[in-house]
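> sequence first, then the predicted structure, then my questions.
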Amino acid sequence: MMAQPRRKVVRFSTHLAYDVFRKRERELLGRPVKVEPEEKPFCALCFTRISSGYRIEDVVSENFTNYDAFGRESDMLCRACALSFKVPELRCRMTDGDAVTVVSGFWIGGGKYRPLKREELADALFNPPEPPFVICITSSPTKNRHLLFRSPVNYSRDAFFVQFDENSLFFDRLKMEGVFGSMKRLLEEGFKLSNVKTGFYGHGDGGRKLEGEAERAEREVMAMRGDPLFDLLLFLLAGEGRGGEKDEGE
């Protein structure tokens, strides 16, 4: 039996991104600072031992609200972690000269970065890239969030984490595919996105009752309400233009 090639192990999401964007380090950060052994040479974010890097204060702005993510014993970031805060694409901003296009998410895997438009999110989650990979999604692209540093690195296409805003959500692909299918079924039966969101079907639709396939679909959907994963699935559903309504993320 032929031995399978060993899969590259990447412990931290910013290191996965560094493989893609490392050629822009000098442009975005300048020259790294050499770290002497007595300066506690490790990264405050991923805790990798370093011989050079960048001061946190030179990388992250005063408006950054997650300083608690950095270890207090070091004031340095490794080159990978520092670069992740400077690449606009990792904040869902595609740049072309002075033009900026905002997207709803991205994945990184296999040495590639793929931006994701709102209508592409569902396909990306139900057909993820080969591991190792990360997937980040923002419900409000205009907020310019840093998502990557929060996101775990995934090694399975069947069960993985999705970084949805500030939440790292565990995504069982086959289970979520079933729930998502049931949500779409309710829309196909003529109900609205607001009905699926709330579980209230007796107002604004002629008082229709749930019967047959719609009733079975609602039972599966009902079990998910209140779970942050349900909010993610709603976001995907609205992104596909289903339900005849705009949601708050549009």
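Everything's here; your move.
> distance from the chain centre to the helix-or-strand element of the chain with minimal mean pLDDT, please.
Across the helices and strands of the chain, mean confidence by mean pLDDT, DSSP states H and E is lowest for strand 93-96: a mean of 74. Strand 93-96 sits 18 Å away from the centroid of its parent chain (C-alpha atoms, centre = their mean, to the nearest Å).
> stretch 143-150 now?
On the basis of C-alpha atoms, centre = their mean, stretch 143-150 sits 9 Å off its chain's mean C-alpha point.
> residues touching residue 122, list them.
Residue 122 makes contact with 180, 236, 237, 239, 240 under the criterion C-beta atoms under 8 Å, 6 or more residues apart in numbering. All C-beta spots, glycine's among them, are computed from the backbone N, C-alpha and C.
> assign a three-state SS to it, would you?
Secondary structure for residue 122, judged by DSSP: H, G, I helix; E, B strand; the rest coil, is helix.
> and it, how close does it get to residue 147?
Distance, residue 122 to residue 147, by C-beta to C-beta, to the nearest Å: 18 Å.
> and for residue 231?
According to C-beta to C-beta, residue 231 and residue 147 sit 16 Å apart.
> who's in contact with residue 146?
Contact analysis of residue 146 by C-beta under 8 Å, 6+ apart lists 64, 66, 84, 85, 90, 91.
> just confirm it is within a helix.
No. Read with three-state DSSP, residue 146 is coil and lies in no helix.
> now the strands for the chain?
For the chain, the strands defined by DSSP state E occupy 33-34, 52-55, 76-77, 93-96, 99-102, 105-109, 112-116, 133-137, 159-164, 167-172.
> out of these, which one sits most buried?
Burial of those is given as mean neighbour count (mean count of other C-beta atoms under 10 Å); strand 76-77 ranks first at a mean of 28.
> neighbour count winner among residue 231 and residue 147?
Higher neighbour count among residue 231 and residue 147: residue 147, with 23 against 19, using other C-beta atoms under 10 Å.
> alpha carbons of stretch 42-55, as PDB, please.
C-alpha atoms of stretch 42-55 as PDB (Å, rounded to 0.1, in the frame of the first residue of the first chain):
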ATOM      1  CA  PHE A  42       8.400  35.000  21.800                       C
ATOM      2  CA  CYS A  43       5.200  36.300  20.000                       C
ATOM      3  CA  ALA A  44       2.600  37.700  22.300                       C
ATOM      4  CA  LEU A  45      -0.200  36.200  20.100                       C
ATOM      5  CA  CYS A  46       0.900  32.700  19.000                       C
ATOM      6  CA  PHE A  47       3.700  32.300  21.600                       C
ATOM      7  CA  THR A  48       6.200  31.100  18.900                       C
ATOM      8  CA  ARG A  49       9.800  31.800  19.800                       C
ATOM      9  CA  ILE A  50      11.200  34.500  17.600                       C
ATOM     10  CA  SER A  51      14.600  36.100  16.700                       C
ATOM     11  CA  SER A  52      12.900  39.000  14.900                       C
ATOM     12  CA  GLY A  53       9.500  40.600  14.800                       C
ATOM     13  CA  TYR A  54       7.500  43.800  15.300                       C
ATOM     14  CA  ARG A  55       6.500  45.800  18.300                       C
END
